[in-house]
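**Q** Predicted model follows, preceded by the sequence.
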Amino acid sequence: MDWKRVRTAAVKPPIDELQNDLDGWVTAYNETRPHQGRWCYGKTPMQTFLDALPVAREKLLPAA
């Protein structure tokens, strides 16, 4: 048996576990941590987006 194959096969988590970890990180990044961006004023990125949504809809050009 090839040691390199055994060693790398043992450390690969299942794809669904990786996806769950990534989903959790994205949620925390966008919805729970305050952001220091120019227009965020200490709000989360999602809250900044939701607050700006009405203004963005007003400025949206009608479909041709």
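**A** Done, it's in.
**Q** how near is the residue nearest the centre of the chain to residue 32?
**A** Nearest to the mean C-alpha position of the chain, counting by Cα atoms, centre = their mean, stands residue 26 at 2.7 Å. Going from residue 26 to residue 32 by Cβ to Cβ, to the nearest Å gives 11 Å. All C-beta atoms are positioned from the backbone trio N, CA, C, and that covers glycine.
**Q** before we move on, back to that, what helix or strand is the residue nearest to the centre of the chain on?
**A** Using DSSP states H and E, residue 26 sits in helix 15-27.
**Q** Contacts for that helix next, please.
**A** Counting by Cβ atoms under 8 Å, 6 or more residues apart in numbering, helix 15-27 makes contact with no residue outside itself.
**Q** and the angle for the next helix or strand after it with helix 15-27?
**A** Using DSSP H and E, the next helix or strand after helix 15-27 towards the C-terminus is helix 45-59. Per axes from the mean of the first three to the mean of the last three Cα atoms, to 10 degrees, the angle that helix 45-59 makes with helix 15-27 is 70 degrees.
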